[in-house]
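Visitor: give me the fold of what follows.
(one chain, ligands or ions: 1)
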Amino acid sequence: RKAPKQWHSLGRLDTFVPGKVTTISVQHDVINGFYKSQKIEPVMVYRSSNSNDVVAYNSRCTHLGCTVHWDDTKQIFLCACHGGAFDVNGNVKTGPPPRPLDRYAVKVEKGSLYVELA
Ligand code: FES
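Guide: All right, here's what the predicted structure looks like:
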């Protein structure tokens, strides 16, 4: 039995700097059959510079699942395992990843940003 998806607060939207990527570690429950555990998920949030559009990316590389991180100097998401790279929109720039970064559903309520995790 899988756990239902749940909304998790990432904090006030106005704390996310426009045009920047911010990584937030979200602790949440994972249910696998009879077992329940906790997991810390790095969520990479990009707030566009000219609007309040927000995208939350799963940090798992779409190649073989290594953790991707944002390189602010190069302005790309990098995967250290096999050299995969993604642009700020999550699209593959180089390397073996077969598709863009996965996105989480997001919503803003009363000025706070939420992300939906399973
Ligand atoms: Fe990321 Fe292979 S796991 S490039």
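
Visitor: residues in this protein within reach of the ligand, list them.
Guide: Cys61, His63, Leu64, Cys66, Cys79, Cys81, His82, Gly84, Gly95, Pro96, Pro97 (C-beta under 6 Å from any ligand atom). Where you see a C-beta, it was placed from the backbone N, CA and C, and this is true even at glycine.

Visitor: so for stretch 36-45, what's the average pLDDT?
Guide: If you average the pLDDT over stretch 36-45, you get 92.

Visitor: just stretch 61-72 next, same as before
Guide: Here the average pLDDT along stretch 61-72 is 97.

Visitor: where does pLDDT dip in the protein?
Guide: Scanning the chain for pLDDT under 70 picks out 1-3.

Visitor: returning to that earlier point: so which of the residues of the chain next to the ligand are in strands?
Guide: Within these, residues falling in strands by DSSP state E are Cys79.

Visitor: quick one: contacts for the residue sitting nearest the centre point of the chain?
Guide: Taking C-alpha atoms, centre = their mean, the centroid of the chain lies closest to Tyr57, which sits 2.6 Å from it. Contacts for Tyr57 (C-beta atoms under 8 Å, 6 or more residues apart in numbering) come out as Val43, Met44, Val45, Tyr46, Val68, Phe77, Gly90, Leu101, Asp102, Arg103, Tyr104.

Visitor: do the same with Cys61
Guide: Thr67, Val68, Cys79, Cys81, Gly84, Pro97, Leu101 are the contacts of Cys61 under C-beta under 8 Å, 6+ apart.

Visitor: which of those residues are buried, as a ChimeraX select command?
Guide: Selection of buried members from the contacts of Cys61 for ChimeraX, criterion 16 or more other C-beta atoms under 10 Å:
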select :68,79,84,97,101
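
Visitor: for the contacts of Cys61, give me CSV that also has distance to Pro18.
Guide: Below are the contacts of Cys61 laid out as CSV (distance: C-beta to C-beta, whole Å):
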residue, distance to Pro18
Thr67, 25
Val68, 22
Cys79, 26
Cys81, 31
Gly84, 26
Pro97, 27
Leu101, 20
